[in-house]
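J.: Generate a structure from the sequence data that follows.
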Amino acid sequence: EESSPYKTCLTHGLVLDPQRKKMSKKLGNAVAPEEVWSKYGADILRLWFSSVDYTSDMGFGDEMLSPVVDVYRKIRNSFRFMLGNIYDYDDKKHRVSYGELGELDKYLMHKLQLLILKAREAYESFKFFRVYHMIHNFCVSALSQFYFDIMKDVLYTFAPDSKERRGAQTVLHDVLTVLVRLTAPILSFTCEEAWLSFPLGRPEKSVFLSEMPRPEPSLQDEGLASRWDRLVEVRDEVLVALERAREKKMIGNALESRLVLYSEDDNVKNLLKKHADLLDQLFIVSGVELSNSKGDLGEGSYAGEKVDLLVSVQKARGEKCQRCWMYSTSVGLAEEFPHICEKCVRAIRETQTNTNGR
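T.: Numbering: from 1, shown residues only. Reported below is the predicted structural model:
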């Protein structure tokens, strides 16, 4: 019986020069692939092909590769950050169960499941440019500008074996294993390098012996995600207020500030009250106060554009902790640690206790 020797046939357009003219040796505008990978590396070339709509003709040149190089660095740096922060994490010993993770950790895991679902759909329909944009956006928006930024304090200043730090490492481990596998069909060499760099073991010897990740319904929480999507909107407004305070020379960096927040929207009020203990961490400031009176904010408060919110940026109270750099009135209360805050004193004592107990 006659039949095609393949299940699917995928066609693509021609690769043209930057002026969209046909490449030829006669015109002197031909670019050999080895010229590109000897200068940029093979993964940059692969990443460029994944970024374009291959169903039509594609213009190609150095100016087209420049933005792709920047995207590659973002993805690679995300891998490096995660690898660097799980250096002492053993998944068999230190894993924190999903139920014990913080809400921020669970929120990122929810977003990761959505990425897996959409990336698999894009791969299966050969929409590689969608995978390119999804992974880049996740690395920038969900990781670098959000989770990494917020969790640095936990990763760097909490006791090594604290539940918060081990929980963050659990999330970084899981995000990294997913991202490396999702990206491997495109950035083959980089992903294999990252896979072989796992500090304390990996499931398979090669990323190409592992399976493409599948979304886990148990790690999705629409209610939590809805709340945190709203918190992210609040955070965006706060970041604008902090930037304006910097422009006015009121503060140097966000840790030099404390915030007073006020809203007439009951939903926003309840949301902020529910997460009051997390707000200084979420906004990366040295204190947050929720006010019931607009008069407590004073003049010059920032009014949110998308959220009913007034933000007053004020100088932080207390002294600067030499360990975590946050300002606190508890700095110096412990005689043996005169230059650090109460939170850091607890972390040091917990570390000492755990070390002595081994």
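
J.: contacting residues around the residue at minimal distance from the centre of the chain?
T.: If you average the C-alpha coordinates of the chain and look for the closest C-alpha using Cα atoms, centre = their mean, you land on Leu143, 0.3 Å from that point. Leu143 is in contact with 78, 81, 175, counting by Cβ atoms under 8 Å, 6 or more residues apart in numbering. In short, each C-beta sits where N, CA and C put it, glycine included.

J.: got it, and Glu289?
T.: Under the criterion of Cβ under 8 Å, 6+ apart, the neighbours of Glu289 are 258-261, 296.

J.: Any of the residues you listed buried? List them.
T.: The neighbour-count criterion (16 or more other Cβ atoms under 10 Å) marks 258-261 among these as buried.

J.: Closest one of the residues you listed to Val68?
T.: Nearest to Val68 out of those is Leu259 (Cβ to Cβ; 38.8 Å).

J.: So that closest one versus Ala276, what's the distance?
T.: Distance, Leu259 to Ala276, using Cβ to Cβ, to the nearest Å: 12 Å.

J.: Also Gln113?
T.: Distance, Gln113 to Ala276, using Cβ to Cβ: 28 Å.

J.: circling back: where does the residue nearest to the centre of the chain fall, phi/psi-wise?
T.: Dihedral pair for Leu143: phi -100, psi -70, per degrees, to the nearest 10.

J.: Filter the contacts of Leu143 down to just the ones in strands.
T.: With DSSP state E as the criterion, strands contain none of the contacts of Leu143.

J.: Save these as a markdown table, and put in neighbour count and pLDDT too.
T.: Conversion of the contacts of Leu143 to a markdown table gives the following (neighbours: other Cβ atoms under 10 Å; pLDDT from 0 to 100):
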| residue | neighbour count | pLDDT |
| --- | --- | --- |
| Ser78 | 24 | 98 |
| Phe81 | 18 | 98 |
| Val175 | 22 | 98 |
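
J.: thought Asn85 was touching Leu155?
T.: Yes. Under the contact definition of Cβ atoms under 8 Å, Asn85 touches Leu155, with a separation of 5.2 Å.

J.: Now for those two: what residues contact both?
T.: Common contact partners of Asn85 and Leu155 (Cβ under 8 Å, 6+ apart): 168-169.

J.: Helices along this structure, start to end?
T.: Per DSSP state H, the chain has helices spanning 33-39, 42-51, 62-84, 91-94, 103-124, 128-137, 148-157, 163-183, 188-196, 222-247, 266-274, 279-283, 342-356. These are given in chain order.

J.: Quickly compare these and say which is most buried.
T.: For these, the stretch with the most neighbours on average is helix 163-183, a mean of 23; neighbours defined as mean count of other Cβ atoms under 10 Å.

J.: For that helix, list the C-alpha coordinates in CSV.
T.: Listed in CSV are the C-alpha atoms of helix 163-183, where the atom choice follows Å, rounded to 0.1, in the frame of the first residue of the first chain:
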residue,chain,number,x,y,z
LYS,A,163,11.1,26.6,55.6
GLU,A,164,10.9,29.9,53.6
ARG,A,165,14.3,29.5,52.0
ARG,A,166,13.9,25.8,51.3
GLY,A,167,10.4,26.5,49.9
ALA,A,168,11.9,29.1,47.5
GLN,A,169,14.6,26.6,46.5
THR,A,170,11.9,24.0,45.9
VAL,A,171,10.2,26.4,43.5
LEU,A,172,13.4,27.4,41.8
HIS,A,173,14.3,23.7,41.3
ASP,A,174,11.0,22.9,39.8
VAL,A,175,10.8,26.0,37.6
LEU,A,176,14.4,25.3,36.3
THR,A,177,13.7,21.7,35.5
VAL,A,178,10.5,22.7,33.6
LEU,A,179,12.1,25.7,31.7
VAL,A,180,15.2,23.7,30.7
ARG,A,181,13.0,20.9,29.2
LEU,A,182,10.6,23.4,27.5
THR,A,183,13.5,25.3,26.0
